[in-house]
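any chance you can model this:
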Amino acid sequence: MSGGRLTQQDRQQIALGLADDLPYAEIARRLDRPTSTITREVDRNGGPLAYRADLAHRATEHRARRRRQPPPRTQGTRTRVPDDEAVREYEETFTTLLMGQGLPRMTARVLTCLFIADAGSLTAAELVRRLEVSPASVSKAVTFLEAQGLVRRERDERRRERYFVDEDVWYQSTIAAAHGIAEVARTARQGVTVLGRDAPAATRLENIARFSDFISESMLRAAEQVRDVLHTKPRTAPDDTTPRTG
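So this is what the prediction gives:
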């Protein structure tokens, strides 16, 4: 299996394969590459519907130029600087994970970017620069995340909108998800009443309702317990100055 970076010709073959609705594994086989290489290439360059070989190649060259730029040196700083390539790979991995859980790609990219920011917050302008996307794309993603309870926004001292993720936001999102599942249970039980309890579909809906009730209650209970643990500072052991004998 060949290694090395993808060439422009490789990317043209990927674009042709996507146009023919070929699975990633088949495209990888034709290029003698790992399937994971094709998956990462397509995901980081717009996805299967928006992938363009020339744009993907230019974007890769741009990222390579940025990697070659020496990082700024801060005199007297001994803090370990994370490897840029490792951070980018991790960011892509986390984004792909969130996409697998149902988030649109741009929304997943914005959320990942906020998660890995040291301050846990960024302005719209900072997100635009980091992700190299339009302000409208960031605004749309943030609006979706805010509706899901995953992001909160505040104005900083310069009157700029700043977007935050923190432990409490994640807790609120989990609570919202649990309430959504509880709503599924309530709606399913309405169907039992409408169809009549003797109908086969009513049995199915009742099972959905019971399952959803159990999951919702479990999520709420677990979220409260975990929040109590995470928000409780560990006790400091009292000083024991009494000499031990024996």
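
next, the contact list for residue 24, please.
Residue 24 makes contact with 35, 38-39, 42, according to Cβ atoms under 8 Å, 6 or more residues apart in numbering. For the C-beta atoms, the positions are set from N, CA and C on the backbone; glycine is no exception.

how does this protein divide into domains?
For the chain, the structural domains run 9-61, 100-164, 167-230, going by automatic domain parsing.

output those as CSV; include the columns distance to residue 83 and mean pLDDT.
Below are those laid out as CSV (distance: least, Cβ to Cβ, whole Å; pLDDT from 0 to 100):
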stretch, distance to residue 83, mean pLDDT
domain 9-61, 17, 87
domain 100-164, 13, 87
domain 167-230, 27, 88
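
out of these, flag the one nearest residue 87.
Comparing the domains of the chain by their distance to residue 87 (Cβ to Cβ), the top pick is domain 100-164, with 7.2 Å.

span of the closest one from start to end?
23 Å (Cα to Cα, to the nearest Å).

ok, now how distant is the nearest residue to residue 15 once chain neighbours are set aside from residue 213?
Closest residue to residue 15 apart from its sequence neighbours, by Cβ to Cβ, 6 or more residues apart in numbering: residue 53 at 4.3 Å. Residue 53 sits 50 Å away from residue 213 when distances are taken as Cβ to Cβ, to the nearest Å.

show me what the helix or strand harbouring residue 142 is packed against.
Element membership of residue 142, judged by DSSP states H and E, is helix 135-147. When contacts are defined as 3 or more Cβ pairs under 8 Å, 6 or more residues apart in numbering; DSSP states H and E, helix 135-147 sits against helix 105-116, helix 124-131, strand 152-155.

okay, these, which one's buried deepest?
helix 105-116 (a mean of 21; mean count of other Cβ atoms under 10 Å).

dump the C-alpha coordinates for that one into PDB.
C-alpha atoms of helix 105-116 as PDB (Å, rounded to 0.1, in the frame of the first residue of the first chain):
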ATOM      1  CA  ARG A 105     -19.800  19.400   9.600                       C
ATOM      2  CA  MET A 106     -19.600  23.200  10.100                       C
ATOM      3  CA  THR A 107     -21.400  23.000  13.400                       C
ATOM      4  CA  ALA A 108     -19.100  20.200  14.500                       C
ATOM      5  CA  ARG A 109     -16.100  22.200  13.500                       C
ATOM      6  CA  VAL A 110     -17.200  25.200  15.500                       C
ATOM      7  CA  LEU A 111     -18.000  23.200  18.600                       C
ATOM      8  CA  THR A 112     -14.600  21.300  18.400                       C
ATOM      9  CA  CYS A 113     -12.800  24.600  18.000                       C
ATOM     10  CA  LEU A 114     -14.500  26.000  21.200                       C
ATOM     11  CA  PHE A 115     -13.800  22.800  23.100                       C
ATOM     12  CA  ILE A 116     -10.000  22.900  22.400                       C
END
